[in-house]
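Colleague: Fold the following.
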Amino acid sequence: MSELRAIPVSDLTKAQAVQELERLARDIVHHDTRYYQSDMPEISDRDYDLLRLRHKAIEERFPELIRADSPSQRVGAVVSDGFQKLKHLTPMLSLDNAFDADDLKKFLEKVCRFLGMPLDSDLLFVAEPKIDGLSCNLIYNQGVLESAATRGDGEVGEDITENIRTLQDVPQKLTGFLAQQRVEIRGEVYMSKQDFLNLNQTRTQNQEQVFANPRNAAAGSLRQLDAKITASRPLKFFAYGVGAIQDQTLHQTHWDRLQTLKDQGFQVNSLNRLCTNLHEIESFTQEIEGLRYSLSYDIDGIVFKVNDLSLQERLGFVARAPRFAIAFKFPPEQAQTRLNEIGIQVGRTGVLTPVAHLEPVNVGGVLVSRATLHNADEITRKDIRPGDLVVIQRAGDVIPQVVKVLDGDRQGRSEPYEFPRKCPACDSHVVRLEGEVAYRCTAGLICPAQAALRIRHFISKTALDIEGFGSKTVDEFFQAGLVTSPIDIFALEERNKTLAKPLQTWEGWAEKSVEKLFYSIRSKRRVSLESFIYALGIRQIGEVTAKLLAKTYVSYENWVLEMLKASASQESEAYQNLLSLEGIGVDTVADLLDFFQEEHNTAFLKNLVGPQIQVLDYVVQNAEAQILSGKTVVFTGTLTQFSRAEAKATAERLGAKVGSAVSSKTDFVVVGTDAGSKLTQAQALGVTILSESQWKEMIGGK
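Modeller: Below is the predicted model of the structure:
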């Protein structure tokens, strides 16, 4: 089987591109969850960035293949169990990345082109060292700290208000004109290198597990359910910007905002600098990279932002990132060590992932002992064997990757590694499907490694969201044989009455906590259709696709009926309707229908929905409506009041589809100077024609 990931994007066929996008989407979502939700990343920042870059390049070459649940449309990961949700006033988006001077030059050129400025314009940028910590959003109301949240999925974060109050770097009250506002202050919670070493030394003395690196120490300390633990940890906070603010006229530039935050008592990085052109940007980049290891805190790059706030507003956003900013990433660090053995982990969907167990080695001040090997092809391609001396690379504070073998020609080297053909968790057969790089266990829910993880997924925050039923509880009940499938969750209260040793007599469980758990389970016997579809854990059916299916089929009964019809025949109308949904590809349809073709899955649904739970019909939310929702707009001629890119971005943000040709389905044609055939076609078809001024008036200056 050919290795698609090795094929340049320019050489991919459309069919191959579909497969690659689906593979990349799965990988990106998995790594987002590991990084943002679990604070346990598996790959380096550099490897993650490369996944994103390849995904972006394929979508740019094949825009018609952009999926509804594409990672390019989302940020971070969902809020984890144990925390209340807090919605940000404005989204906390991610940043596009640059890796060299050429990338920075391209970024400047894109900004100038979008704004219709000469490419050699002296445009002012704020340069800020990129702190490697945990992003945090503070909301002050009339000068008083109202709430604090982690980034989460960019829209909704974890409520860490009481924890953030314990940080000395975070003012409890604001003064002056900010005290009259409701304002979001954004920054990074971090731990200094020395404080990290001191904390780990104390934990070692107390025989506690040490943290892998300063970022994980900061994240683990801040994301505590007991604020007293957070208060005992040496956390710091760097403010780097403002989100929502009532009076947008208070500041003209991002630099002014930073000075205001400094005046309010926030720590603002003293290394921040204003840069006017590419030469100054490159000089600052070289200077900070030279200082990197002498700083008292970890940084992994530099962020460059357009200084003028009015230009930031014009530039706006594309998908998950602003057009007015970019993150320059530093190159990875490397070291040599011995690979002792190759282990296998089994994931929720049965994927077997190889892991390298290493002789512990210090890489950039962090002791590492494991590295992901990604898949069997990666092991074969690099000819990695137990006992090899290897180069490992760490591009962020995470488990590194194995770059290459150094002593592959030594005598007495072990035999080439053979990927297991049986699952290490259940001894079932392992298969590798055509077009995939991963090996999977065939046992499904019978496999204990998969079953427990699928139950965790079923009751997670974005699925059924059963409060108090976290990962530890799932594992405890699973090992005891009390909960081996989601159906058992809803039978647990009745079963507990007949147990020889009921839950309230278990260690760590009291009468009150047991009743609270049962109350949470009872409250989830009515669940929304989109949450239920997502909770089933069907491969490639993420939150966005689950919602799309719910909006399309409305009721659970209709969805199941149509899926059964579609799975029975690819010639059926149901199959064609499913395949025609925008954002759902052939492989996604195949995985969805595979679920319904398994008898044990349909039996599971019959035993769960009706006897145990009720699935509610999908309800359209008012927030989904946009002023141009469902409209098609075509721009023609030379636009003078905004660039073509800016006009297109604004229309799409307001819900419109921007067309390239005029047809009877076109709703509006916006005409600039020197309009040609498209204007003629619009007049012939009776399509509404707008001048630039009429267009701006129509969208309300948005």
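Colleague: what ranges do the helices span in the stretch 501-650 of the chain?
Modeller: Along the stretch 501-650 of the chain, the segments classed as helices by DSSP state H, counting those that start in this stretch run 511-522, 529-535, 543-553, 556-568, 573-579, 586-597, 599-608, 644-653.
Colleague: so what's Ala217 up against?
Modeller: Met191, Phe196, Leu199, Asn200, Phe211, Arg233 (Cβ atoms under 8 Å, 6 or more residues apart in numbering). (C-beta placed from N, C-alpha, C; glycine too.)
Colleague: just to confirm, which helix or strand has it in it?
Modeller: Per DSSP states H and E: Ala217 is located in helix 214-222.
Colleague: What pLDDT does the model give the nearest residue to Leu104 once chain neighbours are set aside?
Modeller: Counting by Cβ to Cβ, 6 or more residues apart in numbering, Ala98 is the residue found nearest to Leu104 once chain neighbours are left out, at 5.0 Å. Here, the pLDDT recorded for Ala98 equals 91.
Colleague: give me the beta-bridge partners of Ala98?
Modeller: With DSSP bridges applied, the residues forming beta bridges to Ala98 are Phe328.
Colleague: any idea how far it is from Leu53?
Modeller: 11 Å (Cβ to Cβ, to the nearest Å).
Colleague: Strands of the stretch 101-250 of the chain, start to end?
Modeller: Counting by DSSP state E, counting those that start in this stretch, the stretch 101-250 of the chain has strands at residues 125-131, 134-141, 144-150, 156-158, 182-190, 236-245.
Colleague: Of those strands, which is nearest Glu109?
Modeller: The minimum distance between Glu109 and the strands of the stretch 101-250 of the chain falls on strand 125-131, with 13.4 Å, by Cβ to Cβ.
Colleague: partner strands of that closest one, parallel or antiparallel?
Modeller: Listed by DSSP bridges, the sheet partners of strand 125-131 and their directions read strand 273-275 (antiparallel), strand 299-306 (antiparallel).
Colleague: the inter-axis angle of that strand versus strand 182-190?
Modeller: Strand 125-131 and strand 182-190 meet at an angle of 50 degrees, taking axes from the mean of the first three to the mean of the last three Cα atoms, to 10 degrees as the criterion.
Colleague: Using PDB, list the CA coordinates for strand 125-131.
Modeller: As requested, C-alpha coordinates have been extracted for strand 125-131 and formatted as PDB (Å, rounded to 0.1, in the frame of the first residue of the first chain):
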ATOM      1  CA  PHE A 125       4.100  45.300  14.200                       C
ATOM      2  CA  VAL A 126       4.300  44.400  17.900                       C
ATOM      3  CA  ALA A 127       6.800  41.500  18.500                       C
ATOM      4  CA  GLU A 128       6.200  39.400  21.700                       C
ATOM      5  CA  PRO A 129       8.100  36.400  23.000                       C
ATOM      6  CA  LYS A 130       5.700  33.400  22.900                       C
ATOM      7  CA  ILE A 131       5.500  32.100  26.400                       C
END
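Colleague: Contacts for that strand next, please.
Modeller: Identification of contacts with strand 125-131 by Cβ under 8 Å, 6+ apart yields 188, 190, 238, 240, 254-255, 258, 269, 271-276, 281, 284, 288, 295, 297-307, 327-328.
Colleague: Next, the angle from that strand to helix 214-222.
Modeller: 80 degrees.
Colleague: thought the residue nearest to Leu104 was touching Phe330?
Modeller: No. Checked against Cβ atoms under 8 Å, the pair Ala98 and Phe330 is beyond contact range at 10.9 Å.
Colleague: coming back round to it: lowest average pLDDT across the strands of the stretch 101-250 of the chain?
Modeller: Of all the strands of the stretch 101-250 of the chain, the segment with the smallest mean pLDDT is strand 156-158, scoring a mean of 89.
Colleague: That one pairs with which strands, parallel or anti?
Modeller: Taking DSSP bridges as the criterion, strand 156-158 sits next to strand 85-87 (antiparallel) in its sheet.
Colleague: Let me see the mean pLDDT of the partner strand.
Modeller: Averaging the model's pLDDT scores along strand 85-87 yields 89.
Colleague: Report the buried residues of that strand.
Modeller: Buried residues in strand 85-87, counted by 16 or more other Cβ atoms under 10 Å: Lys85, Leu86.
Colleague: give the contact list for Gly187.
Modeller: With contact set as Cβ under 8 Å, 6+ apart, Gly187 has these partners: Ser135, Cys136, Leu138, Phe237, Phe238, Ala239, Tyr240, Gly241, Phe266.
Colleague: Could you check the longest helix that the chain contains and say which residues are buried?
Modeller: The helix of greatest length in the chain, counted in residues with DSSP state H as the criterion, is given as helix 14-32. The neighbour-count criterion (16+ other Cβ under 10 Å) identifies 16-32 as the buried residues of helix 14-32.
Colleague: picking up where we left off before, just the buried residues out of the contacts of strand 125-131, in PyMOL syntax.
Modeller: Here is the PyMOL command that selects only those of those that count as buried (16+ other Cβ under 10 Å):
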select buried, resi 188+190+238+240+254+255+258+269+272+273+275+281+284+288+297+298+299+300+301+302+303+304+305+306+307+327+328
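Colleague: What ranges does the stretch 301-450 of the chain have for its strands?
Modeller: Applying DSSP E, counting those that start in this stretch to the stretch 301-450 of the chain gives strands spanning 317-318, 321-322, 325-329, 333-346, 351-363, 366-372, 389-394, 401-405, 430-431, 439-441.
Colleague: For the last one, name the packing helices and strands.
Modeller: Packing contacts for strand 439-441, counted by 3 or more Cβ pairs under 8 Å, 6 or more residues apart in numbering; DSSP states H and E, involve strand 351-363, strand 430-431.
Colleague: List the pairing partners of that strand within its sheet, with orientation.
Modeller: In the sheet containing strand 439-441, its partner strands are strand 351-363 (antiparallel), strand 430-431 (antiparallel), by DSSP bridges.
Colleague: And those: which comes nearest Ser664?
Modeller: Closest of the strands paired with strand 439-441 to Ser664 is strand 351-363, at 47.5 Å (criterion: Cβ to Cβ).
Colleague: How far away from the center of its chain is the closest one?
Modeller: Distance of strand 351-363 from the chain centroid (Cα atoms, centre = their mean, to the nearest Å) equals 24 Å.
Colleague: one step back: any idea which of the helices and strands packed on strand 439-441 scores lowest on pLDDT?
Modeller: Ranked on mean pLDDT, the bottom entry among the helices and strands packed on strand 439-441 is strand 430-431, at a mean of 84.
Colleague: got the contact list for that one?
Modeller: If you take Cβ under 8 Å, 6+ apart as the criterion, strand 430-431 is touched by Leu352, Phe419, Pro420, Arg421, Lys422, Cys423, Tyr439, Arg440, Cys441, Thr442.
Colleague: of those, buried ones?
Modeller: Judged by 16+ other Cβ under 10 Å, buried ones among the contacts of strand 430-431: Leu352, Phe419, Pro420, Cys423, Tyr439, Arg440, Cys441.
Colleague: Mind picking the one among those that's closest to Val662?
Modeller: Proximity of these to Val662, judged by Cβ to Cβ, is greatest for Arg440, which lies at 48.3 Å.
Colleague: in the sheet, who's paired with the closest one?
Modeller: Each beta-bridge partner of Arg440 is listed here, defined by DSSP bridges: Val351, Val431.
Colleague: Which pLDDT value belongs to it?
Modeller: 84.
Colleague: Please name every helix or strand in contact with the helix or strand of the chain with the lowest mean pLDDT.
Modeller: Of all regular secondary-structure elements in the chain, judged by mean pLDDT, DSSP states H and E, the least confident is helix 644-653 with a mean of 76. Packed against helix 644-653, as judged by 3+ Cβ pairs under 8 Å, 6+ apart, are the following elements: helix 101-115, strand 317-318, strand 632-636, strand 657-659.
Colleague: how does it look with 10 Å?
Modeller: Helices and strands touching helix 644-653, by 3 or more Cβ pairs under 10 Å, 6 or more residues apart in numbering; DSSP states H and E, are helix 101-115, helix 309-315, strand 317-318, strand 632-636, strand 657-659, strand 668-671, helix 692-698.
Colleague: for the ones you listed, which one sits closest to Glu467?
Modeller: When the helices and strands packed on helix 644-653 are ranked by proximity to Glu467, the top entry is strand 317-318, at 33.5 Å, counting by Cβ to Cβ.
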